[in-house]
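>>> how does the following fold in three dimensions:
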Amino acid sequence: MSRFPRLILGVVLCLAVLPVQAAESFYLQIGVFSEIATATEIRQQIESFGFKVAQRKVEVIGQPLYVVLVGPYERAGEALIHDKNRLIDRGWPSVVKRYPAPAGPEPPKPSTFRTSYSGWLIGEVRQFSDAPLYGSEQHGATASLAFQPEFHVSWNDRRSSLTFVPFVRAGDEDERRNHADIRELMWLNAWDDWELRLGVGKVFWGVTESRHLVDVINQVDLVENLDEEDKLGQPMANLSWFTGWGTLELFALPLFRERTFPGEAGRLRGPLVVDTEQEAIYESPDRDEHLDWAIRWSHYIGDWDIGLSHFSGTSRDPRFVPGLNATGQPVLIPRYNLIGQTGLTLQAIMGEWLWKLEATSTEELDERYAEAVAGFEYTRVGVFRSAIDLGFLVEYLYDERGEQSPQPFEDDIMVGLRWVLNDMQSSEILMGAIYDRDGTAISSLVEASRRLGQSWRLTLEYRGLHAVEPDDISYLLRNDNYLQLGLGYYY
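Next up is the predicted model:
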């Protein structure tokens, strides 16, 4: 047995001998409001999206305030992985908080047929600080519109549902960024301790901030953002079994989706365009029809959320080989290898500390390598005797392949600050930087958002690369620092 599986086994055994505490109630806190009418209005709006919402009165510095909570959840990971991302899609950032379980029996769920719809329309302007390096087709500024509606139908006491989430972007200077996708088209049926999902969906397993190593189900929609947070919808069949010893999930993934890449007019690319017009190269003779599969077990032991997963199939992360396009120009052609990847996630909320780990061991082309991201987030609640939460983030990024790694984060440290104002505008700011311990490369980011009234949201994003050495992969993007302003309407 290699070192990585032994490490995973040792961690699981160590956690297993810890005393198992009674499950605590975790919530996604939307905000802290001084007026009960405002909190009630926001609670009703989020309820209309199909979330289970609570409203409570709390005291901050002796003053009565009102919080809007989505939940409860038995464990923090359940909240972070599922509803937190759904709330962000609707313009509501949130943080995980512990609150006492509500007293008395849970009210009965409505059994009527129910439909709901929501979505957003966002206009974005992206301004690059430097001139493009790789051709006159590239632009210094771009503007586009993105539209993502959601339609949801539930019946059978909410044990059955159908969700449809399309996505469209148009107007960008890069034609490849103007695209459409089905993010989700999922039928769900639940009975007893089982859930079956069939269709197209998105799956989130990651717990760290800087990279999500374990998220191998969905393909990255790279033309949307370089941070790899945006994903294409994945055709799947998913069976989940909820037991006293954890949740077991099985996935069958019948169709592979190729990654999107910037085109000739696109920024955030190297000197050679990735050619997506000609056929990609696959290790599997079945090409994009290879049947991939995955399995995951998750459970909580004391304060710890633990997840163990294994994926076997076509890698979502391509390698590249040089080639020629239809006009004889040099290009890069993506190659998708077969991999077997075992993943581990750990997460624990201990007071004001959030500890987290993602680690993977991957076998690809008869080579096995390990990657990991580990760190913490310390949140100071009520700084300056206010409702503001201030979080300090530190993570270490490791890749066993070192300089041979196809990605730049093989021995790096991420530090960041997160301000959550807990105001009625749901204002939030995240600032971070990743430092290369082997060189002088530094990548930085700023993400800020604030609601304007009930339906509008203003976002600001900055991404930059600084002090980059020529032998670093990021050197190819040294002129692609940008500032992006977005204004979105949420309904």
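>>> for the protein, name the helix or strand with the lowest mean pLDDT.
Every helix and strand of the chain was ranked by mean pLDDT, DSSP states H and E. The lowest is helix 3-16, at a mean of 46.
>>> so after that one, what's the next helix or strand?
strand 26-33 (DSSP states H and E).
>>> what residues are bridge-paired with Trp355?
For Trp355, the beta-bridge partners are Ala348, Phe376 (DSSP bridges).
>>> that one is in contact with Tyr378, isn't it?
No - counting by Cβ atoms under 8 Å, Trp355 does not reach Tyr378; the two are 9.8 Å apart. C-betas here are computed from N, CA, C, even on glycine.
>>> neighbour count for these two, which is higher?
Counting neighbours by other Cβ atoms under 10 Å for Trp355 and for Tyr378 shows that Trp355 has the greater number, 17 against 14.
>>> look up how far Pro93 lies from that one.
Trp355 is 21 Å from Pro93, where distance means Cβ to Cβ, to the nearest Å.
>>> same question, Phe128
26 Å.
>>> try Ser161
Using Cβ to Cβ, Ser161 is found at 25 Å from Pro93.
>>> same question for Leu477.
Distance, Leu477 to Pro93, by Cβ to Cβ: 27 Å.
>>> which helix or which strand is home to the residue most central in space within the chain?
Residue closest to the average C-alpha location in the chain (Cα atoms, centre = their mean): Glu229, at 4.8 Å. Taking DSSP H and E as the definition, Glu229 sits outside all helices and strands.
>>> quick one: contacts for the spatially closest residue to it that is not a sequence neighbour?
Of all residues not flanking Glu229 in the chain, His212 sits nearest, at 7.9 Å (Cβ to Cβ, 6 or more residues apart in numbering). With contacts defined as Cβ atoms under 8 Å, 6 or more residues apart in numbering, the neighbours of His212 are Phe204, Trp205, Gly206, Glu228, Glu229, Glu358.
>>> and which of those residues is nearest to Thr276?
Nearest to Thr276 out of those is Glu228 (Cβ to Cβ; 17.2 Å).
>>> contact partners for Phe242?
Residues in contact with Phe242 (Cβ under 8 Å, 6+ apart) are Asp193, Trp194, Glu195.
>>> what helices or strands is the host helix or strand of Ser161 leaning on?
For Ser161, the element it lies in under DSSP H and E is strand 160-170. In terms of contacts (3 or more Cβ pairs under 8 Å, 6 or more residues apart in numbering; DSSP states H and E), strand 160-170 is packed against strand 141-155, strand 180-191.
>>> pull up the pairing partners for that strand, direction included.
Paired strands of strand 160-170, with direction, are strand 141-155 (antiparallel), strand 180-191 (antiparallel) (DSSP bridges).
>>> let's have these in TSV, adding mean pLDDT.
Output for the strands paired with strand 160-170, formatted as TSV (pLDDT from 0 to 100):
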stretch	mean pLDDT
strand 141-155	94
strand 180-191	95
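>>> now render those as CSV, adding distance to Tyr117.
Formatted as CSV, the strands paired with strand 160-170 follow (distance: least, Cβ to Cβ, whole Å):
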stretch, distance to Tyr117
strand 141-155, 5
strand 180-191, 14
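>>> for Gln219, find the nearest of those strands.
Nearest to Gln219, of all the strands paired with strand 160-170, is strand 180-191, at 10.0 Å by Cβ to Cβ.
>>> and for the closest one, what are the contacting residues?
By Cβ under 8 Å, 6+ apart, strand 180-191 touches 148, 150, 156, 159-169, 195-202, 221, 231-233.
>>> list the buried residues of that strand.
The neighbour-count check on strand 180-191 (16 or more other Cβ atoms under 10 Å) flags Asp181, Ile182, Arg183, Glu184, Leu185, Met186, Leu188, Ala190 as buried.
>>> what's opposite the fourth one in the beta bridge?
By that I understand Glu184. For Glu184, the beta-bridge partners are Val165 (DSSP bridges).
>>> can you tell me the closest non-neighbouring residue to Leu42?
Residue 42: Ile, not Leu. Val68 (5.3 Å).
>>> and if you look at Glu377?
With sequence-adjacent residues excluded and distances taken as Cβ to Cβ, 6+ apart, Glu377 is closest to Leu354, at 4.3 Å.
>>> I'd like to know how many residues surround Glu428.
Glu428 has 22 neighbouring residues, counting by other Cβ under 10 Å.
>>> use 505 as the first number from now on
Taking 505 as the first residue, the last one we looked at is Glu932.
>>> the closest residue to it other than its chain neighbours: what secondary structure?
Once flanking residues are discounted, Glu932 sits nearest to Pro597: 4.8 Å by Cβ to Cβ, 6+ apart. Secondary structure for Pro597, judged by DSSP: H, G, I helix; E, B strand; the rest coil, is coil.
>>> Asp634 now?
coil.
>>> so how far is Leu666 from it?
According to Cβ to Cβ, Asp634 and Leu666 sit 47 Å apart.
>>> more crowded one of those two?
Neighbour comparison, Asp634 and Leu666: the larger count goes to Leu666, with 16 against 11 (by other Cβ under 10 Å).
>>> count the neighbours of the closest residue to that one other than its chain neighbours for me.
Nearest residue to Leu666, sequence neighbours excluded (Cβ to Cβ, 6+ apart): Val657, at 4.8 Å. Residues within reach of Val657, counting by other Cβ under 10 Å, total 16.
>>> what's across from Val657 in the sheet?
Assigned bridge partners for Val657, using DSSP bridges, are Thr619, Leu666.
>>> in contact with it, which residues?
Applying Cβ under 8 Å, 6+ apart, we find Val657 in contact with Phe617, Arg618, Thr619, Ser665, Leu666, Thr667.
>>> can you put those in JSON lines and add distance to Ile799?
Shown next, in JSON lines, are the contacts of Val657 (distance: Cβ to Cβ, whole Å):
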{"residue": "Phe617", "distance to Ile799": "34"}
{"residue": "Arg618", "distance to Ile799": "33"}
{"residue": "Thr619", "distance to Ile799": "34"}
{"residue": "Ser665", "distance to Ile799": "24"}
{"residue": "Leu666", "distance to Ile799": "26"}
{"residue": "Thr667", "distance to Ile799": "24"}
